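> could you work out the structure for the sequence below:
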Amino acid sequence: MTTDFEVDILPDNSAGTNLLIRLTASDPELSVNRKEFLREVAIDIDANTIRDLRGGNPTSAVVNAVAQKLSDWLISSDIRGYVNGPILGTKPVRFIFRFHPRLLEKFADVPVELLKFEDEWVVLRHAVSAIVHELPGTQLSKPFYHSLPLKILVVRSSPSGLTVRVPPAGPICNHIVKLANELGQNIVHIDLISGEARSLEPQLSWDEFEAKHLPNLVIADGDSEEERQRKESLKWREFRDYLLNRGVTELQPATWEKFTDHLKNSSTNYHILVYLGHGNYLNLDGSGKKSGVLQFEKPGGVNVDNISSNDLQRQLQDRQVAIPVVMLAGCLTAAENEPPLDAEELKDIAEWTLGSQGVAQRLVGTSSGVQCAVGMRYQIKIGAAFDFLATFFESLLRETPGNVEAAVRAGRVKISRPEYPPSWSAPVIFRTRGAEPMFNFDIPRTYKLDRDNIRDQDVREAAWTALSEDPTSDFAYETLAEIEKLIKAKATKKQTSLLMPEMKKAAPDEVVEVAVNLVGALQADKLDCKLSVSSDHGNARIESLHSTQPFKDSKFSLGNMSESGGSDITFTITRGAGAFPLPEGPILVVRLRLAPVAPAKHTVRLDVVEVVPPNVKVRPIDNVVLVSGK
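Numbering: from 1, shown residues only. Below is the predicted model of the structure:
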């Protein structure tokens, strides 16, 4: 169970010269019950430094200077002893920050996600499940939908002429659909409002549709392998098929009129609204006071239609059933191959992020019905934004079903390397008081991860990243060996069989064979399986899959194998007449063709989609093929 560690920041006197910091913890073992400490109001972080952070590409020196000043201000000697336990402990702890309403505007730029303790980032500590900004508000008691399918409304606004383009939404929708297909039937419902392809043209094949509407994704003869891989990752064939199967043949542009019409006329009770587009920080009513806005398209897609947070809040408030989660994930810097932005453009972008953050804060602090809003404090690269969203939905549906804060944490960890720029600190969680998991998702599967499993995986991810950067790191190898030992011990205790690929080191563009090992004898009659390989840079292709001699000697067989050549392959393992239990050790060997990219991490995973008999416990443990840049 997660423990709440609450940090209230309050004015101490009417003159506004001091602050009162109050600490409270729900767990009596933490020995904190309304402990109070005085602080000066000012934190020595100047506006230009904040602008550098918001621009999305600050130097490590700037980031660490801000972290040091912030940490010295908040976690100085009088408080250190009280936060030592929750930060460095083993129990999952959620840090809740509450700023008094009089201080909200003044402290809007204070990046508490950059707090450091014992030279480690607090928000990435294994014990810290989330850093949450809890807001007082005038929330109406409004119901929201809890059960599957997960209903998502994606709005992608990209008026032409903006400094930074908004990437298409099709690829992330495609990723979610593929994930849902792996989990079963009726897992997700996705609606998309975007002008990236108006007509879906059901009479055309995907290749014909792509050539007509998405020519930039068509693979050309002269493309490098890396370019081919990039284009392949952006295709959204499965999502188009999903829409056509639902009878959707057209996409609508992201104008305010189309968006509000959809909210009024759709009977879908959405769980999540995802906005892919820019915000801004403007004075719209002539009062002289700026507030957050979202940049919708005007008809024709050329001009910007600035929509205030108040307008959005009223639209959501009018719904009988709330949309409880809003994700504002469009604060993107230029893509890696685009020219750097000049000083004036960076100034504009800093305003964009402040606007998006203000909208997120406004939605939670009002009667919109929104329980949790995730905004972006800084600009992040397009690739990092995609990885964050993809991992968020994987966690929400598969790893920690229904737990929004855990899904944000999983996304942070995914983009925590490289450490600079600190994209991992960009997501800011604003929410009302509430427990996790927020949704009651019950997805049938043959295994279930607990908090220890997630913590172990975080440690393994960090060790793999260290090895890709320095393949001679003895500490990383020792860490992986220790975690593997713990994983096996826990599986033995729970009488669970493990399917674990071996870890390999390889060179770019190499063909490598990876054995899949069974831990714990497996007595099953049939296993429907999916083996997949995913990559953080470039892709890897599965060339073949075959069984080992011990597998054959046990009188098991492989069947119903799908075609090789892609990033995944499905197959069935069937027990033959008079078969023995599958023995421990290597049972399968997968042959992979790696991308010509270094450094890279290719994750190999064998999922059991269905097992007969159903009471047999099988858990996949992924592993990696590491390509070092050294």
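
> compute the distance between the residue nearest to A211 when sequence neighbours are not counted and L153, please.
Taking CB to CB, 6 or more residues apart in numbering as the measure, A211 lies nearest to V218, with 5.8 Å between them; neighbours along the chain are not counted. Every C-beta, even on glycine, is put in place using the N, C-alpha and C of the backbone. V218 sits 29 Å away from L153, taking CB to CB, to the nearest Å as the criterion.

> who has more neighbours, those two?
The residue with more neighbours, out of V218 and L153 and counting by other CB atoms under 10 Å, is L153; that gives 22 against 12.

> elements contacting the one helix or strand that one maps to?
Element membership of L153 [criterion: DSSP states H and E] is strand 150-156. Packing partners of strand 150-156 (3 or more CB pairs under 8 Å, 6 or more residues apart in numbering; DSSP states H and E): helix 170-183, strand 188-194, strand 272-276.

> now do 7 Å
Strand 150-156 sits against strand 188-194, strand 272-276, with contacts defined as 3 or more CB pairs under 7 Å, 6 or more residues apart in numbering; DSSP states H and E.

> okay, the angle between the last one and strand 150-156?
Orientation check (axes from the mean of the first three to the mean of the last three CA atoms, to 10 degrees): strand 272-276 against strand 150-156 gives 20 degrees.

> partners of strand 272-276, with directions?
Next to strand 272-276 in the sheet, as set by DSSP bridges, lie strand 150-156 (parallel), strand 325-328 (parallel).

> out of the ones you listed, which is closest to T17?
Using CB to CB as the criterion, the shortest distance between T17 and these is 34.5 Å, found for strand 325-328.

> helices of the stretch 1-150 of the chain, start to end?
Secondary structure of the stretch 1-150 of the chain (DSSP state H, counting those that start in this stretch): helices located at 47-55, 60-74, 77-88.

> where in the stretch 101-250 of the chain is pLDDT low?
Per-residue confidence of the stretch 101-250 of the chain (counting by pLDDT under 70) places the weak regions at 137-141, 163.

> which residues in it form strands?
Along the stretch 101-250 of the chain, the stretches classed as strands by DSSP state E, counting those that start in this stretch are 116-117, 120-121, 128-134, 150-156, 188-194.

> next one: the stretch 251-400 of the chain
272-276, 279-282, 291-297, 304-308, 325-328, 372-376.

> where among the ones you listed is average confidence lowest?
In terms of mean pLDDT, the lowest-scoring of these is strand 279-282 (a mean of 74).

> could you export that one as CSV, CA atoms only?
Once non-C-alpha atoms are left out, strand 279-282 reads as follows in CSV (Å, rounded to 0.1, in the frame of the first residue of the first chain):
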residue,chain,number,x,y,z
GLY,A,279,-0.4,25.8,-25.5
ASN,A,280,0.3,29.5,-24.8
TYR,A,281,0.2,32.0,-22.0
LEU,A,282,-1.9,35.0,-23.2
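
> partner strands of it, parallel or antiparallel?
strand 291-297 (antiparallel).

> now the strand it pairs with, how far from the chain's geometric center?
The chain centre lies 24 Å from the centre of strand 291-297; the measure is CA atoms, centre = their mean, to the nearest Å.

> same check, this time on stretch 25-42
Using CA atoms, centre = their mean, we find the averaged C-alpha position of stretch 25-42 to lie 31 Å away from the chain's own average C-alpha position.

> one more: stretch 608-618?
That offset, for stretch 608-618, works out to 28 Å (CA atoms, centre = their mean).

> in that stretch, which residues are buried?
Under the neighbour-count criterion of 16 or more other CB atoms under 10 Å, stretch 608-618 has 608, 611, 616-618 buried.

> out of everything not next to it in sequence, what's closest to D452?
Closest residue to D452 in three dimensions, ignoring its sequence neighbours and counting by CB to CB, 6+ apart: K490, at 7.1 Å.

> check the secondary structure at the one you found for me.
Look at K490: counting by DSSP: H, G, I helix; E, B strand; the rest coil, its state is helix.

> what is the burial count for it?
Neighbourhood size, K490 [other CB under 10 Å]: 16.

> okay, it: pLDDT?
Reading off the confidence values, K490 has pLDDT 85.

> swap in D568?
Here, the pLDDT recorded for D568 equals 85.

> isn't it up against C529?
No: in this structure, D568 sits apart from C529 without contact. The criterion is CB atoms under 7 Å, and the distance is 10.5 Å.

> any idea how far I569 is from L389?
Noted for I569: a distance of 26 Å to L389, by CB to CB.

> ok, longest strand in this structure?
strand 600-612 (DSSP state E).

> what's the angle from it to helix 170-183?
Using the same axes, to 10 degrees: strand 600-612 against helix 170-183 is 30 degrees.

> can you give me the helices in the stretch 251-400 of the chain?
For the stretch 251-400 of the chain, the helices defined by DSSP H, counting those that start in this stretch cover 256-265, 309-317, 343-364, 382-394.

> save those helices as JSON lines, and put in mean neighbour count too.
Converted to JSON lines, the helices of the stretch 251-400 of the chain look like this (neighbours: other CB atoms under 10 Å):
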{"stretch": "helix 256-265", "mean neighbour count": "16"}
{"stretch": "helix 309-317", "mean neighbour count": "19"}
{"stretch": "helix 343-364", "mean neighbour count": "22"}
{"stretch": "helix 382-394", "mean neighbour count": "22"}
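
> need the strands of the stretch 251-400 of the chain in TSV (columns: mean neighbour count and distance to G585).
Conversion of the strands of the stretch 251-400 of the chain to TSV gives the following (neighbours: other CB atoms under 10 Å; distance: least, CB to CB, whole Å):
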stretch	mean neighbour count	distance to G585
strand 272-276	25	43
strand 279-282	21	54
strand 291-297	25	56
strand 304-308	18	60
strand 325-328	26	44
strand 372-376	26	44
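
> ok, D568 and C529, which is more surrounded?
Using other CB under 10 Å, the more surrounded residue of D568 and C529 is C529, with 24 against 16.

> residues contacting the closest residue to R541 other than its chain neighbours?
Leaving aside its sequence neighbours, R541 sits nearest to R593 (CB to CB, 6+ apart; 4.6 Å). Contact partners of R593, counting by CB atoms under 7 Å, 6 or more residues apart in numbering, are 511, 540-541, 543.

> what angle separates the strand holding L153 from helix 382-394?
Computed by the same axes, to 10 degrees, the angle between strand 150-156 and helix 382-394 is 160 degrees.

> what does strand 150-156 contact?
Residues from elsewhere that reach strand 150-156, judged by CB under 7 Å, 6+ apart: 145, 166, 168-169, 173, 187-194, 196, 254, 259, 268-277, 397.

> what's the spacing between the residue nearest to P583 when sequence neighbours are not counted and L558?
The shortest distance from P583 to any residue other than its chain neighbours is 5.3 Å, reached at P550 (CB to CB, 6+ apart). As for P550, its distance to L558 is 14 Å (criterion: CB to CB).
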